[in-house]
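In: only the shape, not the letters, is given here:
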Ligand SMILES: C[S@@+](CC[C@H](N)C(=O)[O-])C[C@H]1O[C@@H](n2cnc3c(N)ncnc32)[C@H](O)[C@@H]1O
Ligand SMILES: Nc1nc2[nH]cc(C(=O)O)c2c(=O)[nH]1
Ligand code: SF4
Ligand SMILES: [Mg+2]
C-alpha cells in the first residue's frame, strides 16, 4: 500500500481562504513542495524543520485520524501542503473521502497535474507572483486548466493570486486575462508570518486588505474579481493547525 507523507491533520475549522472561504472543513497537510516561496507561511512542509514530524500514512489511516479528531462534525476535507499535487497516490485518499460522502478541496500552485484533480469539488490553483521569487510555467498551467475545463470541471475550479505589491497585482491581472473563464480571487499577502502580537498583525493585514480593495476598485481589468483576506489569520494570527 502506497503511503502519503502527512504533517498535520486538524479541524474542524473554517476554510480561511479563497473560493469556499468560511466553509467548515478538516485539513490534511502533506509534506514536500517543488517551490520555495520567499514568504511561504507553511515553509515547515519543505524546509526540513519539521522532517521528524512527517508520518507516512495510508489513505485509511488518514481517514481514521480525521474521524478521531472531527467525529461526525465535518463533511468537507481540505488537502493542502506543501504541494499535494506532487503525490500521485493521493488519488486513493480522494476516492475514500468520496466514498465517505465528503466534499474534497485541494490547494495547489498549479505546477503539477494529476488525473485525480478532476475529482476535486473545490480546487484552488494559486500561481505565484514575482514577490515569491518563483516562476510560473504557464505551459503547464495552460495544460492543467485546459484539461480540467475539458473534463467539465470549470465550476469546481478557481484561481487565487496572493498579492504583496503592485508588481504582484500586475501579475494577477495577467493571470486573470489569460484564464478569463476561471473564477478569480486575489488574497492579501501576509508579510509578518513570524509576528506573535495579533493586534499588530491584524492592523497591518487590514490596512493591506484596504489597499488591495482600493487597487481592484480602480482597475477596469478586474471587474469580476473577488478580494479576500486570509480569514484564519485575522481570527487566530500566525498560529499553526487552525
Ligand atoms: C501554504 S500554501 C500550500 C498549497 C500550495 N503549495 C500553494 O501554494 O497553493 C496554501 C496557500 O497559502 C498561501 N500563502 C502562503 N504563504 C502566504 C502568505 N505569507 N500570505 C498569504 N498567503 C500565503 C499560498 O499562496 C496558497 O494559496
Ligand atoms: N483555516 C485555514 N484555512 C486555510 N486555507 C488555506 C490554508 C492552507 O494553509 O493551505 C489554511 C489553513 O491553514 N487554515
Ligand atoms: S508553493 Fe505553497 S507550500 Fe510551496 S513554498 Fe509556495 S506557498 Fe509554500
Ligand atoms: Mg496557510
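Out: Structure's in. What do you need? Please read these numbers as outputs of a predicted model, since none were measured by experiment. Ligands and ions are numbered 1, 2, ... in the order given.

In: wait, doesn't residue 226 sit right on residue 187?
Out: No - counting by C-beta atoms under 8 Å, residue 226 sits too far from residue 187 to count as a contact (9.3 Å). To be clear about C-beta, it is placed using only N, CA and C from the backbone, and glycine gets the same treatment.

In: and these two? which has more neighbours close in?
Out: Between residue 226 and residue 187, counted using other C-beta atoms under 10 Å, the more crowded position is residue 187 (23 against 16).

In: which residue packs closest to the more buried one, ignoring adjacent ones?
Out: Leaving aside its chain neighbours, residue 187 sits nearest to residue 162 (4.9 Å; criterion: C-beta to C-beta, 6 or more residues apart in numbering).

In: using the three-state scheme, assign that neighbour.
Out: Under DSSP: H, G, I helix; E, B strand; the rest coil, the three-state class of residue 162 is strand.

In: and it, how far from residue 72?
Out: Residue 162 is 34 Å from residue 72, where distance means C-beta to C-beta, to the nearest Å.

In: and if you look at residue 238?
Out: When distance is defined by C-beta to C-beta, residue 238 is 30 Å away from residue 72.

In: quick one: which of those two has more around it?
Out: Legend: neighbour count by other C-beta under 10 Å for residue 238 and residue 72, higher for residue 238 (17 against 6).

In: show the backbone phi and psi for that one.
Out: When read as degrees, to the nearest 10, the backbone of residue 238 gives phi -90, psi 20.

In: could you find the closest non-adjacent residue to residue 137?
Out: With sequence-adjacent residues excluded and distances taken as C-beta to C-beta, 6+ apart, residue 137 is closest to residue 111, at 6.5 Å.

In: so which residue is smack in the middle of this protein?
Out: Residue closest to the average C-alpha location in the chain (C-alpha atoms, centre = their mean): residue 107, at 3.1 Å.

In: can you tell if whatever helix or strand that one lives in touches ligand 2?
Out: Taking DSSP states H and E as the definition, residue 107 sits inside strand 103-108. Yes - shown here: strand 103-108 in contact with ligand 2 (C-beta under 6 Å from any ligand atom) through residue 107.

In: partners of that strand, with directions?
Out: Sheet pairing of strand 103-108 (DSSP bridges) gives strand 76-80 (parallel), strand 122-125 (parallel).

In: got the ones you listed as TSV, with mean pLDDT and distance to ligand 2 columns?
Out: Shown next, in TSV, are the strands paired with strand 103-108 (pLDDT from 0 to 100; distance: least, C-beta to the nearest ligand atom, whole Å):
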stretch	mean pLDDT	distance to ligand 2
strand 76-80	99	3
strand 122-125	99	8
